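Engineer: Just a sequence and a predicted model for now, questions to come.
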Amino acid sequence: MKLIDTLILSATIALFIIGVHQLFVLSEGERGLMTAIMGTYWIFMMVAGLLFWYRLRKNRAKNIDHQHANNSIRNNTSTKSIPNNKKQKRK
């Protein structure tokens, strides 16, 4: 699970760097900044998609861990029997 998250985050950073580089390279040409933004738009959308996917995986893992912790607490308290060694006094 952590390996996949690391790969997603690494790909996101690499694509962001590539997108910024392409933005600078394309904006230096004759066409201008607007054409450069349109040309690199798909790269930045992939970066946004990978970031959403990374956050989704992190939140799901956090919720699963939280549910497992709650289930183990419930199971431990519900299966334990409390010994009743003391005799109750009648009045």
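Structural biologist: Good, I have the coordinates.

Engineer: measure the nearest residue to Leu33 once chain neighbours are set aside to Gln67 for me?
Structural biologist: Leaving aside its sequence neighbours, Leu33 sits nearest to Ser27 (Cβ to Cβ, 6 or more residues apart in numbering; 4.7 Å). Every residue, glycine included, has its C-beta placed from N, CA and C. Distance, Ser27 to Gln67, using Cβ to Cβ, to the nearest Å: 48 Å.

Engineer: cool, Met46 as well?
Structural biologist: Separation of Met46 from Gln67 (Cβ to Cβ) stands at 31 Å.

Engineer: Kindly report the same for Phe44.
Structural biologist: For Phe44, the distance to Gln67 under the criterion Cβ to Cβ works out to 35 Å.

Engineer: higher neighbour count, the two?
Structural biologist: Set side by side, Phe44 and Gln67 show unequal neighbour counts under other Cβ atoms under 10 Å, the larger going to Phe44 at 16 against 10.

Engineer: what separates the closest residue to that one other than its chain neighbours from Ile8, distance-wise?
Structural biologist: In this structure, Phe44 finds its nearest non-sequential neighbour in Gly19, 5.2 Å apart by Cβ to Cβ, 6+ apart. In this structure, Gly19 and Ile8 are 16 Å apart, going by Cβ to Cβ.

Engineer: same thing with Gly32?
Structural biologist: Between Gly32 and Ile8 the distance, using Cβ to Cβ, works out to 33 Å.
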